[in-house]
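**Student:** Starting from these lines, generate the structure:
(2 chains)
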Protein chains: 2
Amino acid sequence: MELLLLSNSRSPDGGYLTHASDLIRAAAGSRRTACFVPFAGVTFSWDEYTAKVRAVVEPLGIELTGAHAAGADALDAAELIIVGGGNTFQLLRECRRRGLLAALRAHVRGGKPYIGWSAGANLACPSICTTNDMPIVDPEGFEALGLVDFQINPHYTNALPPGHQGETRDQRLAEFLAANPDARVIGLPEGDWLRVDDAGIHLGGPFAARLFRHGEDARDVPAGGPVRI
Amino acid sequence: MELLLLSNSRSPDGGYLTHASDLIRAAAGSRRTACFVPFAGVTFSWDEYTAKVRAVVEPLGIELTGAHAAGADALDAAELIIVGGGNTFQLLRECRRRGLLAALRAHVRGGKPYIGWSAGANLACPSICTTNDMPIVDPEGFEALGLVDFQINPHYTNALPPGHQGETRDQRLAEFLAANPDARVIGLPEGDWLRVDDAGIHLGGPFAARLFRHGEDARDVPAGGPVRI
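**Tutor:** Numbers count the residues shown, from 1 in each chain, chains lettered A, B, ... in the order given. As a prediction, this is how the structure comes out:
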């Protein structure tokens, strides 16, 4: 299994997926066809979303098809699977309703690389319970693909807007772990990513990530090497 | 029907519910017994949570019973219903599993005042789809009490931590409205509240609130007077 799970799509320089371009090239290897899962997109069309991502991967020699048009057939035909960010609840709902969850799982376990950012990284987890998104639609169950056995919190930061009194991210994750004491979570700061394959998990990017377990102090792990979650 | 729906529990001076004390006194009127619904509390016990709120309302001459101990009987016996904040998903899940949703609805529609903050304000809405909380447990459906016919976004702010690239609150609410175009949302800044009764809706607190509808520009409404949502 080969997974590339990115915290977010926007590069520190403001470009769209520019920090991900070399990573996608490496994940693709010699593969030249990809299926894009655009269902996390809410305020723009899935055609528009697919075109936006196509503009990123076409220069890498990768041909992209949207899963909204061809469904499971597009998954069967493609050598790579790419799942975009946006709203995690809508992403899971659409995948569930279209019967794509089992197909996605089978293809990735069968060896097709999975590339996802933000909501697309959350979808690879056992559940979407560590998303930061607003629950704008009911996904009819929180269980997700379970391609990894830990949870990702994308866009990880513990900062709050000045003067704000809502829960910090660490408080939210402590609540998640209180309700789910056997789970493990990695908070992935913007700009970071995980590469997961049979050899293990590699943390990449400019920032340390943060590991959370119930009953233990959260701890930072440096980027640029293997990580045990 | 009488509702007092507060954005949050923490007063600008840092005190717990100090800004709500006079409001609770006014909502209670001559009533002297309240049932507290503590299920949004996650990282502390429901006994502890009930004791914390008891310390606020006891000086007002109100006797408080926790719904976790006595269940629907506590609702029957009380003249007031108070629903605390915390995690909205857990609050809804526990109310649903204990069969309290219909009872809460009936009591409030029958005239018992409902006082809620944060998650407790969200529970009064048609759904919990405009919560800011992390979906740490599956509430088995997002439908909530529907005591009002609009959605509240508590802890409303459109600010992001410096340098953060996640969605702003306004973007999240735009996504909610794209997926639910008939809904209306009021963003309640911290420190603000709504009083809802048969005469209408009154917005109180130090800050303007913000109204959101699909296909319209969001607009501010001043506090200290009636509001149409």
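
**Student:** Show residues contacting the helix or strand of chain A with the lowest mean pLDDT.
**Tutor:** Scoring the helices and strands of chain A by mean pLDDT, DSSP states H and E places helix A:72-77 at the bottom, with a mean of 86. Residues from elsewhere that reach helix A:72-77, judged by CB atoms under 8 Å, 6 or more residues apart in numbering or on different chains: A:33, A:35, A:65-67, A:70, A:81, A:98-100, A:103-104, A:107. Placement of C-beta: from N, CA and C, glycine included.

**Student:** how about that helix: buried residues?
**Tutor:** A:72, A:74-75 (16 or more other CB atoms under 10 Å in any protein chain shown).

**Student:** quick one on the thing from earlier: return the member of the contacts of helix A:72-77 nearest to chain B.
**Tutor:** Closest approach to chain B among the contacts of helix A:72-77 (CB to the nearest CB): A:Arg98, at 16.4 Å.

**Student:** Check the gap between that closest one and A:Asp133 for me.
**Tutor:** Distance of A:Arg98 to A:Asp133, given as CB to CB, to the nearest Å: 19 Å.

**Student:** ditto for A:Val221
**Tutor:** Taken as CB to CB, the span from A:Val221 to A:Asp133 is 24 Å.

**Student:** quick one: low-confidence ranges for chain A?
**Tutor:** Within chain A, no range satisfies pLDDT under 70.

**Student:** All the strands of it, in order from the start?
**Tutor:** Secondary structure of chain A by DSSP state E: the strands cover A:3-6, A:33-37, A:63-66, A:80-83, A:114-117, A:151-153, A:184-187, A:193-197, A:200-204, A:209-213, A:219-221, A:225-226.

**Student:** Now mean neighbour count and distance to A:Asp138 too, for these, in a markdown table please.
**Tutor:** Formatted as a markdown table, the strands of chain A follow (neighbours: other CB atoms under 10 Å in any protein chain shown; distance: least, CB to CB, whole Å):
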| stretch | mean neighbour count | distance to A:Asp138 |
| --- | --- | --- |
| strand A:3-6 | 26 | 25 |
| strand A:33-37 | 24 | 19 |
| strand A:63-66 | 18 | 24 |
| strand A:80-83 | 26 | 20 |
| strand A:114-117 | 27 | 22 |
| strand A:151-153 | 26 | 20 |
| strand A:184-187 | 24 | 23 |
| strand A:193-197 | 20 | 28 |
| strand A:200-204 | 17 | 31 |
| strand A:209-213 | 21 | 26 |
| strand A:219-221 | 13 | 34 |
| strand A:225-226 | 10 | 38 |
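
**Student:** Out of these, which gets nearest to chain B?
**Tutor:** strand A:151-153 (8.6 Å).

**Student:** so which two of the contacts of helix A:72-77 are the farthest from each other?
**Tutor:** Farthest pair in those (CB to CB) is A:Thr33 and A:Gly99. Separation: 21.5 Å.

**Student:** so what's the residue nearest the centre of chain A closest to, chain neighbours aside?
**Tutor:** The centroid of chain A falls nearest to A:Ala121 when counting by CA atoms, centre = their mean (1.1 Å). Nearest non-adjacent residue to A:Ala121, counting by CB to CB, 6 or more residues apart in numbering or on different chains: A:Leu5, 4.0 Å away.

**Student:** That neighbour reaches A:Ala119, doesn't it?
**Tutor:** No: counting by CB atoms under 8 Å, A:Leu5 does not reach A:Ala119; the two are 11.1 Å apart.

**Student:** re earlier: ok now do the residue nearest to the centre of chain A, which residues does it touch?
**Tutor:** Taking CB under 8 Å, 6+ apart, one finds A:5-7, A:85, A:152, A:154, A:188, A:194 in contact with A:Ala121.

**Student:** tell me which of those residues is nearest to B:Lys112?
**Tutor:** A:Pro154 (42.1 Å).

**Student:** Quick check: phi and psi at the closest one.
**Tutor:** phi -80, psi 170 (degrees, to the nearest 10).

**Student:** Sketch out the helices for chain A, chain order is fine.
**Tutor:** Using DSSP state H, the helices of chain A run over A:21-28, A:46-57, A:67-70, A:72-77, A:88-97, A:100-109, A:119-122, A:169-179.

**Student:** what's the first-to-last distance across stretch A:191-207?
**Tutor:** End-to-end span of stretch A:191-207 (CA to CA, to the nearest Å): 8 Å.

**Student:** same deal with stretch A:81-91?
**Tutor:** Across stretch A:81-91, first to last residue, CA to CA, it's 14 Å.

**Student:** Same question for stretch A:11-22.
**Tutor:** OK, stretch A:11-22 end separation, CA to CA: 13 Å.

**Student:** same thing with stretch A:135-154?
**Tutor:** 16 Å.

**Student:** Okay, buried residues for it please.
**Tutor:** In stretch A:135-154, the ones that count as buried by 16+ other CB under 10 Å are A:135-139, A:142-145, A:147-148, A:150-154.

**Student:** quick revisit: export only the CA atoms of the least confident helix or strand of chain A, formatted as PDB.
**Tutor:** Extracted C-alpha coordinates of helix A:72-77, given in PDB (Å, rounded to 0.1, in the frame of the first residue of the first chain):
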ATOM      1  CA  ALA A  72     -16.400   3.200  -9.900                       C
ATOM      2  CA  ASP A  73     -15.400   2.700 -13.600                       C
ATOM      3  CA  ALA A  74     -13.100   5.600 -13.300                       C
ATOM      4  CA  LEU A  75     -11.500   4.000 -10.300                       C
ATOM      5  CA  ASP A  76     -11.100   0.700 -12.200                       C
ATOM      6  CA  ALA A  77      -9.400   2.300 -15.100                       C
END
